[in-house]
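K.L.:
the sequence isn't on hand, but the structure is:
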C-alpha cells in the first residue's frame, strides 16, 4: 500500500466503524423497544403533524402531549415534514401499531383524505387538530379548529377602530397564507369581511401571497412597500411571518412604535411569542389568539369519546380571543405565545 | 496482505450495492425481530406505497449522476405533471379516454422538461446544477400559477383505483427499472453513458455522441419523475402543485447510498433500488419505534453524509 493512500483508508475504517455502530445501536434500540411494549394496558394515541416548523405547531404538539400525560395516556408522534405521502405512511404505521385514536394536523384539505380513509377503514377514530380536511363520504374525522374567519374579522375590526381614531384614509396590505390551506382562506375572507365595511377608512392596495414561507413573505412585502410606499395598515395571516414583515418594514424605514406619526398599524393571527414581544414593546396593535390549550383538550376528549362510541359533533370551534394593547395584561396569561417565549 | 486484498475487493465497483443490500437485509431482520408491527403484510404495503415513487425518482437521478450531472428539477416535474394530468382528467369528464389523455400529458411534461434540461447541459454547456435548479423554479412556479396554489381533487375513480393497485404499480416500477438496467448494462448507450460520466472529453474524442447521450439521460429522468408523479397523484387522490417538495434530499441520498457517484461514471439501478429500500425501511423503523422527529432527521442525514463521505473516498482512490 502506498503511503499516500493511508489517510483515505483510515477514513474508510472510520466510516465503516460508524456504520457498524449505527446499525448495532439501531438493533439494540429495536430490541429495547420490543421489551418495553408487552403487557402495556394504557391507551395509545397517534399524533401526526404535517410540520413542526412554526412555534404554533410546536406549542400545539406540546399541549397535546401534556394533555395526554395528564390523562395517563401514551402517545406516539410522527412529523411528515410537509410531505403528504409521508403523512399517509405514518398513518398506516399508526394503524399497524394498533393505536386507539389518531390526532392529526393534515397537510391540506385534499391530500390527507387517503390517510383519513385508511384510519377509518381500520376502525380508528380521527380528530383533525386546528386544520380541517375536505368533506368526503368515505373519510370521517372530527375537526377541532379555531373560528378563523370570525376571529380574523374581530382582530381586523379592532385595527380599523385604531385607524378611525388616527383619522384619514389608510392603504392596506394583507399577507395571505397557502390558499390550499382552508385556514389561510378563512383568514383572508375574515380580513375582507372587516375592511369592506369601511371603504371610507381602508383601501386594500396589496395582497401578498406568502404560501406560509418567510422568504416569499419578505420579498412580497418588500415589493409591495416599494410599489405603494404609503401603505400604513398591514394584516398578517399568521404571526410567524412577522420577522419577515418587520425586516421589510425596517428596510423601508417604516417600523415605528404605536404613537409615532409614521406607525404602520399592524395585526396578526395565532398569538405566538414574537407577537407577544411586539405587543409588549408597543409595535403590534393586535393579534387573534388561537387557544391552543383549549383545542388540545377538546381534541383529546373528542378522540376518547369517539373511541368509547359516544356521539361527537363534527366540528368543535375554538372561539379564540383578540389580544391588544388595551387588554394585554388581562389576556396574556391565556396567550400561548406568552408562555413559550423567552 | 489478505486484509489489503479484502479491502481492494470491498472497494470494488459494486461493493457499495452489496454492503447496502446486506445492511438493508440486516435492518429488516432486526426490525422484524425487535419492532412490533414491522413484519406484517400491512407494513409491507406501507413500505411499497411510500417507496415505489421514490424508486422511480432515484433511478432517474442515478442515470443523470452517472452522466456526471445532477437533476434538481425532478420534484417540480412531479408536481407539474400531477396538476396538469389531474386537471385534464377532471375537465375531460373522467372516463378512460380522459385518464389516458391525462397520463399522456403527465409523461409529456417529463419529456419536455427533461429535453430542456438536456439541451441546456449538452448543447449550451450549462452546469447541470444551475440548469436544473433554474428549471425547478420555473416549473414549480408554473405548477402553482396553473392552479393558483389550489389542489385538484375529484379525480376519476378509474385512475385512483387502478393507481392504488400495488401489484400493478409494483409491476410497472419493476418493468421500468429492469428496462433501465438492461439499457445501462447491455446496450451501447449504457457504455457511452458511463464513458461520458467518467470523462466527457475522452468520450467525445472516442466518437461517442455525447450530446444525444446527455439529452437522452435527462429525458429519461424526466419521464421517470413524471411516472413517480402519476403514482403519488393516484396514492394521494389529488393533483398537488407542491407535490414532493421535501423529498429531493431522500432521492439524492438514496442514489448516493446506492453507489452513484456525484463525480459521475458510477451508479446502477440495483444500487438506487437498495438505496431507496434502506432509507424507506430505516424511516419506517424509526417511526414504528416512536423515535422523535428531530432524531429521525438527524439519523437519515447522518446516513446520507456517511454515504457521501464514502463516495469521496472512493473518488480519491480512483
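P.N.:
Here it is on my side, so go on. Worth saying up front: this structure is predicted, and the values here are computed from it rather than measured. Numbers count the residues shown, from 1 in each chain, chains lettered A, B, ... in the order given.
K.L.:
in what helix or strand does residue B:80 lie?
P.N.:
helix B:74-91 (DSSP states H and E).
K.L.:
mind listing what's buried along that helix?
P.N.:
For helix B:74-91, burial by neighbour count (16 or more other C-beta atoms under 10 Å in any protein chain shown) applies to B:74-90. Backbone N, C-alpha and C define where each C-beta goes, glycine included.
K.L.:
and that helix, does that touch chain A?
P.N.:
No: Helix B:74-91 does not reach chain A (C-beta under 8 Å from any C-beta of the partner chain); its nearest approach is 10.2 Å.
K.L.:
next secondary structure after that helix?
P.N.:
By DSSP H and E, the next helix or strand past helix B:74-91 is helix B:96-122.
K.L.:
just the buried residues of that following helix, please?
P.N.:
B:98-99, B:101-103, B:105-114, B:116-122.
K.L.:
quick one, strands of chain A?
P.N.:
Under the criterion DSSP state E, chain A contains strands at A:44-49, A:74-79, A:101-104, A:126-129, A:142-146, A:170-176, A:202-209, A:231-236, A:265-270, A:286-289, A:315-318, A:321-324.
K.L.:
can you redo those as JSON lines with mean pLDDT, mean neighbour count and distance to chain B?
P.N.:
Listed next are the strands of chain A as JSON lines, based on pLDDT from 0 to 100; neighbours: other C-beta atoms under 10 Å in any protein chain shown; distance: least, C-beta to the nearest C-beta, whole Å:
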{"stretch": "strand A:44-49", "mean pLDDT": "95", "mean neighbour count": "26", "distance to chain B": "8"}
{"stretch": "strand A:74-79", "mean pLDDT": "92", "mean neighbour count": "21", "distance to chain B": "4"}
{"stretch": "strand A:101-104", "mean pLDDT": "96", "mean neighbour count": "27", "distance to chain B": "13"}
{"stretch": "strand A:126-129", "mean pLDDT": "96", "mean neighbour count": "26", "distance to chain B": "16"}
{"stretch": "strand A:142-146", "mean pLDDT": "93", "mean neighbour count": "23", "distance to chain B": "17"}
{"stretch": "strand A:170-176", "mean pLDDT": "96", "mean neighbour count": "23", "distance to chain B": "10"}
{"stretch": "strand A:202-209", "mean pLDDT": "94", "mean neighbour count": "18", "distance to chain B": "7"}
{"stretch": "strand A:231-236", "mean pLDDT": "97", "mean neighbour count": "26", "distance to chain B": "18"}
{"stretch": "strand A:265-270", "mean pLDDT": "96", "mean neighbour count": "28", "distance to chain B": "19"}
{"stretch": "strand A:286-289", "mean pLDDT": "96", "mean neighbour count": "30", "distance to chain B": "23"}
{"stretch": "strand A:315-318", "mean pLDDT": "92", "mean neighbour count": "17", "distance to chain B": "20"}
{"stretch": "strand A:321-324", "mean pLDDT": "96", "mean neighbour count": "22", "distance to chain B": "28"}
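K.L.:
I'd like those strands laid out as a markdown table, including distance to residue B:23.
P.N.:
Output for the strands of chain A, formatted as a markdown table (distance: least, C-beta to C-beta, whole Å):
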| stretch | distance to residue B:23 |
| --- | --- |
| strand A:44-49 | 28 |
| strand A:74-79 | 23 |
| strand A:101-104 | 32 |
| strand A:126-129 | 36 |
| strand A:142-146 | 42 |
| strand A:170-176 | 46 |
| strand A:202-209 | 44 |
| strand A:231-236 | 47 |
| strand A:265-270 | 43 |
| strand A:286-289 | 49 |
| strand A:315-318 | 46 |
| strand A:321-324 | 53 |
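K.L.:
residue A:162: which of those strands is closest?
P.N.:
Taking C-beta to C-beta as the criterion, residue A:162 comes closest to strand A:265-270 out of the strands of chain A, the separation being 5.6 Å.
K.L.:
got a list of contacts for that closest one?
P.N.:
With C-beta atoms under 8 Å, 6 or more residues apart in numbering or on different chains as the test, strand A:265-270 has contacts from A:54, A:56, A:148, A:151-152, A:155-156, A:158-159, A:162-163, A:166, A:170, A:187, A:232-242, A:245, A:275, A:278, A:283-290, A:337.
K.L.:
could you check the angle strand A:231-236 makes with it?
P.N.:
Strand A:265-270 and strand A:231-236 meet at an angle of 10 degrees, taking axes from the mean of the first three to the mean of the last three C-alpha atoms, to 10 degrees as the criterion.
K.L.:
run me through the strand neighbours of strand A:265-270, direction for each.
P.N.:
Strand A:265-270 pairs in its sheet with strand A:231-236 (parallel), strand A:286-289 (parallel), by DSSP bridges.
K.L.:
is it true that residue A:49 touches residue A:81?
P.N.:
No: with contacts counted by C-beta atoms under 8 Å, residue A:49 stays clear of residue A:81, the gap being 9.5 Å.
K.L.:
quick one, grab the pLDDT at the closest residue to residue A:100 other than its chain neighbours.
P.N.:
Nearest residue to residue A:100, sequence neighbours excluded (C-beta to C-beta, 6 or more residues apart in numbering or on different chains): residue A:43, at 4.6 Å. For residue A:43, the pLDDT comes out at 91.
K.L.:
likewise residue A:187?
P.N.:
95.
K.L.:
how close does it sit to chain B?
P.N.:
In this view, residue A:187 and chain B are 15 Å apart by C-beta to the nearest C-beta, to the nearest Å.
K.L.:
next up, the contacts around that residue.
P.N.:
Shown in contact with residue A:187 (C-beta under 8 Å, 6+ apart): A:148, A:149, A:152, A:176, A:177, A:237, A:238, A:269.
K.L.:
let's see it at 6 Å
P.N.:
Neighbour list for residue A:187: A:148, A:152, A:237, A:269 [criterion: C-beta atoms under 6 Å, 6 or more residues apart in numbering or on different chains].
K.L.:
what bridges to the closest residue to the last one other than its chain neighbours?
P.N.:
Of all residues beyond its chain neighbours, the one nearest residue A:269 is residue A:288 (4.5 Å), with distances taken as C-beta to C-beta, 6+ apart. In this entry, residue A:288 is beta-bridged to residue A:269, residue A:322, by DSSP bridges.
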